[in-house]
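Colleague: no letters, just coordinates:
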């Protein structure tokens, strides 16, 4: 016996149609943006032809750039943009169309978005033409499956693996530009900026976050609960009992004594205050002695051959991309123990993790495999996520690597309190099924950025 459709049924039906139209609209937007880039590249061809005509008729050298200015002024007036902005767009369009033809074609067909294109071009531009073709092939395969927000890190890793020597040289050059600056703002404020090697910057931010959570939750007893988010939304932090309260809740915390009654600062404000303590006092003197024991945590992966000085494959900082091998070796040399990762030589998937001093093997393996929250598009690092049973333990789900993955608090809540469903496939792939019946797959980061070698693996 049938039943009349409820308002809720009609709502989901309408949502399904809306999502379909949204996907189509985004493809049309991408195609239109690609069309604009194509026209700008055509305009560059017209400008070059005009320059050639001037040279052929004996025009003055000082007037050689006039066709470019004239073109930028004409297009700028028509597009209601400054001619300088148009001139930059002309250069970007010509670079894309001539230097990254496959990326342009994918954009033109609506397969990828403008964010994907920018990430691919920025990471691939320093590569030689021979290496760029291989890079573009691998980067496009990732772009077709990954959110645009993830692509900058992915593209940098692929570029570094395609050209490890070039990446190492660029890292050395950029590290020579490290500096500290102060920019004056309004209303008695100023911004302190520090350009630092990525490993140090991420470790500093991680330590400040751990300290801030400890102060907020009234626990100044060191690093016992070392689980902190990497972003500014601390409401998505993992549930860890600190001082009798879950660290993931936005409860106000006390200042120096851990009494929550008098401190209304947000997590960003506490981070800034602790940074001031550290820089001016040499220690977090205004927030209690217990914070000094808290250290910053980063996850660095370095190939064994590179670690031994016999290889050039880049070391990778989780959540960022390539870092210099000297820093990676230095970190490895000062660690009391390492996680040893074994990866599939054909796919890059992390197969297992062990340690010279074994402890919490499953957690280490999953942190190495996932690196971040496993909901499509989410970038929150694994250290700021919950380890969740794909099949609930209460329903018989095993506590094992193929039934656990990292989910940030936002997507952990989504899984358990909505009609979204999740399952794990082979190779660490997480498949999400929406209430509309649509499926979305999230691949482990190591497989997305993997660049296979031409050498066959040794037989077992």
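Modeller: Alright, I've got the coordinates. If you're wondering where the values come from, they're calculated on a predicted model, not measured in any experiment. Numbers count the residues shown, from 1 in each chain.
Colleague: where along the stretch 101-250 of the chain do the helices fall?
Modeller: 101-108, 114-124, 129-143, 151-162, 164-175, 198-216 (DSSP state H, counting those that start in this stretch).
Colleague: who's in contact with the closest residue in space to residue 427 that isn't next to it in sequence?
Modeller: Residue nearest to residue 427 in three dimensions, not counting chain neighbours: residue 349, with 5.3 Å by C-beta to C-beta, 6 or more residues apart in numbering. Where C-beta positions appear, they are placed from N, C-alpha and C, glycine not excepted. Residues near residue 349 by C-beta atoms under 8 Å, 6 or more residues apart in numbering: 343, 369, 427, 428, 444, 446, 447, 450.
Colleague: inside strands: which ones of those?
Modeller: residue 343 (DSSP state E).
Colleague: select the longest helix from this protein.
Modeller: Counting by DSSP state H, the longest helix found in the chain is helix 7-56.
Colleague: give me the helices and strands touching that helix, please.
Modeller: If you count contacts as 3 or more C-beta pairs under 8 Å, 6 or more residues apart in numbering; DSSP states H and E, helix 7-56 packs onto helix 66-79, helix 83-99, helix 101-108.
Colleague: my read: residue 373 touches residue 383, true?
Modeller: No - applying C-beta atoms under 8 Å as the test, residue 373 and residue 383 come out as separate, 10.9 Å apart.
Colleague: neighbour count winner among the two?
Modeller: Using other C-beta atoms under 10 Å, the more surrounded residue of residue 373 and residue 383 is residue 373, with 27 against 24.
Colleague: identify the residue spatially nearest to the more buried one, adjacent ones excluded.
Modeller: residue 408 (4.1 Å).
Colleague: gap between that neighbour and residue 425?
Modeller: Going from residue 408 to residue 425 by C-beta to C-beta, to the nearest Å gives 21 Å.
Colleague: and the two? Which one has more around it.
Modeller: For the pair residue 408 and residue 425, the greater number of neighbours falls to residue 408 (30 against 11), based on other C-beta under 10 Å.
Colleague: contacting residues for residue 121?
Modeller: Residue 121 touches 92, 95, 96, 99, 100, 103, counting by C-beta under 8 Å, 6+ apart.
Colleague: measure residue 452 to residue 147 for me?
Modeller: Distance from residue 452 to residue 147, by C-beta to C-beta: 24 Å.
Colleague: what does residue 401 give?
Modeller: 25 Å.
Colleague: more crowded one of those two?
Modeller: Applying other C-beta under 10 Å to residue 401 and residue 147 shows that residue 401 carries more neighbours, namely 19 against 16.
Colleague: re the thing from before, what's the most buried one of the helices of the stretch 101-250 of the chain?
Modeller: helix 151-162 (a mean of 25; mean count of other C-beta atoms under 10 Å).
Colleague: who does that helix touch, helix- and strand-wise?
Modeller: Checking 3+ C-beta pairs under 8 Å, 6+ apart, helix 151-162 ends up next to helix 114-124, helix 129-143, strand 321-323.
Colleague: direction included, what does the last one pair up with?
Modeller: Which is strand 321-323. strand 315-317 (antiparallel) (DSSP bridges).
Colleague: any idea how far the partner strand is from the chain center?
Modeller: Mean-position distance between strand 315-317 and its chain equals 13 Å (C-alpha atoms, centre = their mean, to the nearest Å).
Colleague: re earlier: including mean pLDDT and distance to residue 19, could the helices of the stretch 101-250 of the chain go into JSON lines?
Modeller: Shown next, in JSON lines, are these (pLDDT from 0 to 100; distance: least, C-beta to C-beta, whole Å):
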{"stretch": "helix 101-108", "mean pLDDT": "96", "distance to residue 19": "22"}
{"stretch": "helix 114-124", "mean pLDDT": "96", "distance to residue 19": "20"}
{"stretch": "helix 129-143", "mean pLDDT": "94", "distance to residue 19": "21"}
{"stretch": "helix 151-162", "mean pLDDT": "93", "distance to residue 19": "22"}
{"stretch": "helix 164-175", "mean pLDDT": "89", "distance to residue 19": "39"}
{"stretch": "helix 198-216", "mean pLDDT": "89", "distance to residue 19": "35"}
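Colleague: can I get the ones you listed in CSV including distance to residue 268?
Modeller: Formatted as CSV, those follow (distance: least, C-beta to C-beta, whole Å):
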stretch, distance to residue 268
helix 101-108, 36
helix 114-124, 26
helix 129-143, 32
helix 151-162, 23
helix 164-175, 27
helix 198-216, 8
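Colleague: closest to residue 439 out of these?
Modeller: helix 129-143 (18.7 Å; C-beta to C-beta).
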